[in-house]
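In: After the sequence you'll find the predicted model.
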Amino acid sequence: MLAIATKIVKKYKLTLKMDISELGQYTSKFLKNLTNNRKRNQARRCLRDGFKFSSEQMSILIPNQRSGKTKTINLATFDRYQDPISIPQGLKEETIREMAH
């Protein structure tokens, strides 16, 4: 993990002075090689302690990913007196996360 992070930083000549949008171009390079949380955490420590990247820069290069797949479920809501088969136009769809807030 240290070797992977070091290799990518040196290969693409990543520096602390690079803009966030520039660093974002290399996210896929890190994620392709860092296949699990343990590897990503070790690479983040390497970027922070060895190369002195800021936490914002690290989060761009190696974003937090949860294991498993996440899904967005859309729920359509309608008045109980309306025909449930025909959903009215303009009906707002909400995700469960939005409804929970």
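Out: It's in. Please read these numbers as outputs of a predicted model, since none were measured by experiment.
In: List the buried residues in stretch 35-43.
Out: Buried residues in stretch 35-43, counted by 16 or more other Cβ atoms under 10 Å: 39-40, 43. In this view, the C-beta of every residue, glycine as well, is placed from N, C-alpha and C.
In: Sitting in helices, which of the residues you listed do you find?
Out: 39-40, 43 (DSSP state H).
In: ok, how many other residues are close to Leu46?
Out: For the record, residue 46 is Cys, not Leu. Using other Cβ atoms under 10 Å, Cys46 has 20 other residues around it.
In: where does it land in three-state SS?
Out: helix (DSSP: H, G, I helix; E, B strand; the rest coil).
In: hang on, it packs against Thr6?
Out: Yes: if you go by Cβ atoms under 8 Å, Cys46 and Thr6 touch, sitting 6.7 Å apart.
In: burial of the nearest residue to Pro63 once chain neighbours are set aside, as a residue count?
Out: Nearest non-adjacent residue to Pro63, counting by Cβ to Cβ, 6 or more residues apart in numbering: Thr27, 6.7 Å away. Neighbours of Thr27 under the rule other Cβ under 10 Å: 14.
In: Right, I'll leave it there.
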